[in-house]
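>>> give the three-dimensional model of this entry:
(chains A and B)
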2 protein chains.
Amino acid sequence: MDVDELAERLIAGERRALARAITLAESTRSDHRAAARALMARAAPHAGRARRIGLSGTPGVGKSTFIEAFGMMLVEQGLKVAVLAVDPTSARSGGSILGDKTRMDRLSRSPSAFIRPSPAGRELGGVARRTREAILLAEAAGFDVVIVETVGVGQSETVVAEMTDLFVLLLAPAGGDELQGVKRGIMEIADLVVVNKADGPLREVASRTRADYAGALRLMRAREGDAPGFPKALTASALTGDGLGTVWDEIRALDDWRRDSGWLDRRRAGQAVRWMRSALEHGLIERLYADPAVAARIGALESAVTAGRVVPEDAADELLALFLGPVTPEDGSDGVEQG
Amino acid sequence: MDVDELAERLIAGERRALARAITLAESTRSDHRAAARALMARAAPHAGRARRIGLSGTPGVGKSTFIEAFGMMLVEQGLKVAVLAVDPTSARSGGSILGDKTRMDRLSRSPSAFIRPSPAGRELGGVARRTREAILLAEAAGFDVVIVETVGVGQSETVVAEMTDLFVLLLAPAGGDELQGVKRGIMEIADLVVVNKADGPLREVASRTRADYAGALRLMRAREGDAPGFPKALTASALTGDGLGTVWDEIRALDDWRRDSGWLDRRRAGQAVRWMRSALEHGLIERLYADPAVAARIGALESAVTAGRVVPEDAADELLALFLGPVTPEDGSDGVEQG
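Numbers count the residues shown, from 1 in each chain, chains lettered A, B, ... in the order given. Sure, this is the predicted structure:
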């Protein structure tokens, strides 16, 4: 299938074309990359209309069950839902979140849903690029809601927040002491905190947990994109479905406010610029290590640094000079002698 | 004072010379950088002998009190102790860990101790470089133990683990439910888990918490540098001093095992290589943005990307070509026409 045909089928909303397009975008082969770029250019004018929702939660919070129940609710309302995953640890641990689609059995079988596991890849930067492209491709295929799921480790939440419009943090009911176990960084990016498992014997605990987090959120500094009353803390139960409607109502209320106020356009513009810079920096570093002069010298310098014969910063300078030519002195005062 | 004199005083163990040397290494002025590099080259042969200990803990765990009590114990044993801090959030929050030395009142007044707050700096990479240099300078000044403290946010633990020999995670006594609140990533790098505040009414809880973490550590995969029985979980009280001696004994046991087995040399060699690569990549990106052709074009491309007229990856390619020249096709098959 050529790029034009794939683009047409993608824009017509074929799920198989979307799967194929994402596979193409995930490839690192240079001919695939070229084809993916052409495809992205075709898809871009049709993208941008979905609600992009970042979602994170600690292990054991019931994230898959929540996404399944929440996604099915949206599908039953006539919406098309894509679920993408970002898992920077998948390469190391060998595992992959969402890899086991049976955890979202009903959703994965729905013709209005599309579930995609985290792309393999050692580096968060590479995973981020592929996920950003997958979001645009899903939008071009007509998906109304794109949920980008991530596990709560390291910097992955920040990366996901950077590519979505709003961020939902899923938590389990727990005692008040546990509050400080949540990374401050996550609380800072959360627009909605949802305490899951608010059913059966945990209903009361969930309600108290919600109140604790609502209190904590009130203590935090207001951010530029906060609609009145946000960030909010809610309870929900993926098991009974209680509260899922409210979660969706609040997501829409915040997202609509951000669209109407012009904030969303500014946010997405800023994201595009940072994406450009990230692509630029990653591309540059790839070229650096592919440079024949650098490749021929780096091994010897690594040995010298390892043995303590050369200071790491001096070795770096030598390689930089091999790649780019010698540094021009910034002040110019003694540049003549060096020339 | 010139670099030679500063180096001499540093190597003679003068605390004021160490403070001055670190200030020089923290400066971004190009003449200061050149002087700092000359100083580092002078200091490097005298460095490498300290035990480099990374230490992290969640807020409220009593980290400063612990370091004060632990550091004083070492000082009383005749050791020279340096405490450095890494806080990547200090630029954003305006705060600075260890900035308030009164939190370590006794230690900061001891002539055998040296306490240095986190260097200001927006970027974790820059903070890391300066801290690595501060470690080497402290070692050249004859410090026997270098504690690198970090707050438990984002990637700072990984960065600190990358520049130290072993990693201590400080935790507060807490219920078993809280265990999963600790990031898996931290547990993976911890060599010693120390449950602090094992005194008074919390003594029992601390003991149970220690057992919980000992169990959790046993479940984790063994790593290459694990001495038999490590990682370990201990209890301690900064208030009463109970357990601090054991913490030091275990640190020495592990560190000695790693030295004797040759693992420490390999680890430090690997760290030096990664430091070189990090310096190389950061230096390259600095040169990129300082390039006149890139600087003249980047604003227009950012506007185009913001407006959705250009795909971020295409804009990145254009800037890369401005900086380095056009890309040579990797396969070479159609390189002739492009030449």
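
>>> only C-alpha atoms for contact and neighbour calcs from this point on.
OK.

>>> give the contact list for the residue nearest to residue A:45 when sequence neighbours are not counted.
Nearest residue to residue A:45, sequence neighbours excluded (CA to CA, 6 or more residues apart in numbering or on different chains): residue A:140, at 7.8 Å. Taking CA atoms under 8 Å, 6 or more residues apart in numbering or on different chains, we find residue A:140 in contact with A:10-11, A:13, A:43-48.

>>> again, only using 7 Å
By CA atoms under 7 Å, 6 or more residues apart in numbering or on different chains, the contact set of residue A:140 is A:10-11, A:43, A:46-47.

>>> quick check: residue A:114 is in a strand.
Yes. The assignment for residue A:114 by DSSP: H, G, I helix; E, B strand; the rest coil puts it in a strand.

>>> correct me, but it touches residue A:85?
No. Contact criterion CA atoms under 7 Å: residue A:114 and residue A:85 do not qualify, at 11.5 Å.

>>> those two - which one has more neighbours?
residue A:85 (24 against 21; other CA atoms under 10 Å in any protein chain shown).

>>> what sits opposite that one in the beta ladder?
Assessed by DSSP bridges, residue A:85 has beta-bridge partners residue A:149.

>>> what distance do you get for it to chain B?
19 Å (CA to the nearest CA, to the nearest Å).

>>> could you do residue A:20 as well?
20 Å.

>>> tell me the pLDDT at that residue?
Here the pLDDT value assigned to residue A:20 is 96.

>>> which element is it on?
Using DSSP states H and E, residue A:20 maps to helix A:15-26.

>>> what about residue A:310, which SS state?
With three-state DSSP as the criterion, residue A:310 reads coil.

>>> correct me if wrong: it contacts residue A:304.
Yes. Assessed by CA under 7 Å, residue A:310 is found in contact with residue A:304 at 5.5 Å.

>>> alpha carbons of stretch A:204-211, as PDB, please.
What follows is stretch A:204-211, C-alpha atoms only, in PDB (Å, rounded to 0.1, in the frame of the first residue of the first chain):
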ATOM      1  CA  GLU A 204     -16.200   5.700  52.700                       C
ATOM      2  CA  VAL A 205     -12.400   5.600  52.600                       C
ATOM      3  CA  ALA A 206     -12.600   6.800  49.000                       C
ATOM      4  CA  SER A 207     -14.800   9.700  50.000                       C
ATOM      5  CA  ARG A 208     -12.300  10.800  52.700                       C
ATOM      6  CA  THR A 209      -9.400  10.300  50.300                       C
ATOM      7  CA  ARG A 210     -11.200  12.600  47.800                       C
ATOM      8  CA  ALA A 211     -11.600  15.300  50.500                       C
END
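
>>> that stretch vs chain B: in contact?
No. Using CA under 7 Å from any CA of the partner chain, stretch A:204-211 stays clear of chain B, coming no nearer than 13.3 Å.

>>> quick one: buried residues of that stretch?
Buried residues in stretch A:204-211, counted by 16 or more other CA atoms under 10 Å in any protein chain shown: A:205-211.

>>> tell me the one among the contacts of residue A:140 nearest to residue B:131.
Of all the contacts of residue A:140, residue A:47 has the smallest distance to residue B:131: 44.0 Å, by CA to CA.

>>> quick one, what contacts that closest one?
So residue A:47 contacts A:136, A:139-140 (CA under 7 Å, 6+ apart).

>>> neighbours of residue A:270, how many?
Residues lying near residue A:270 (other CA under 10 Å) number 16.

>>> pLDDT score assigned to it?
For residue A:270, the model assigns a pLDDT of 93.

>>> how is chain A divided into domains?
Here the domain assignment for chain A is A:1-46, A:47-260, A:275-329, based on automatic domain parsing.

>>> distance from the shortest one to the middle of the chain?
Which is domain A:1-46. A distance of 20 Å separates the centroid of the chain from that of domain A:1-46, by CA atoms, centre = their mean, to the nearest Å.

>>> mean confidence for the helix or strand hosting residue A:215?
Assigned by DSSP H and E, residue A:215 falls within helix A:203-218. If you average the pLDDT over helix A:203-218, you get 88.

>>> what is the lengthiest helix in chain A packed up against?
The longest helix of chain A (DSSP state H) is helix A:263-290. Applying 3 or more CA pairs under 7 Å, 6 or more residues apart in numbering or on different chains; DSSP states H and E, we find helix A:263-290 packed against helix B:292-306, helix B:312-324.

>>> how does it look with 10 Å?
The elements that helix A:263-290 packs onto, with contact taken as 3 or more CA pairs under 10 Å, 6 or more residues apart in numbering or on different chains; DSSP states H and E, are helix A:124-140, helix A:244-260, helix A:292-306, helix A:312-324, helix B:263-290, helix B:292-306, helix B:312-324.

>>> tell me the SS of the residue in the stretch 1-150 of chain A positioned nearest to chain B?
When scored by CA to the nearest CA, the stretch 1-150 of chain A has residue A:41 as its residue closest to chain B, at 6.8 Å. Under three-state DSSP, residue A:41 falls in the helix class.
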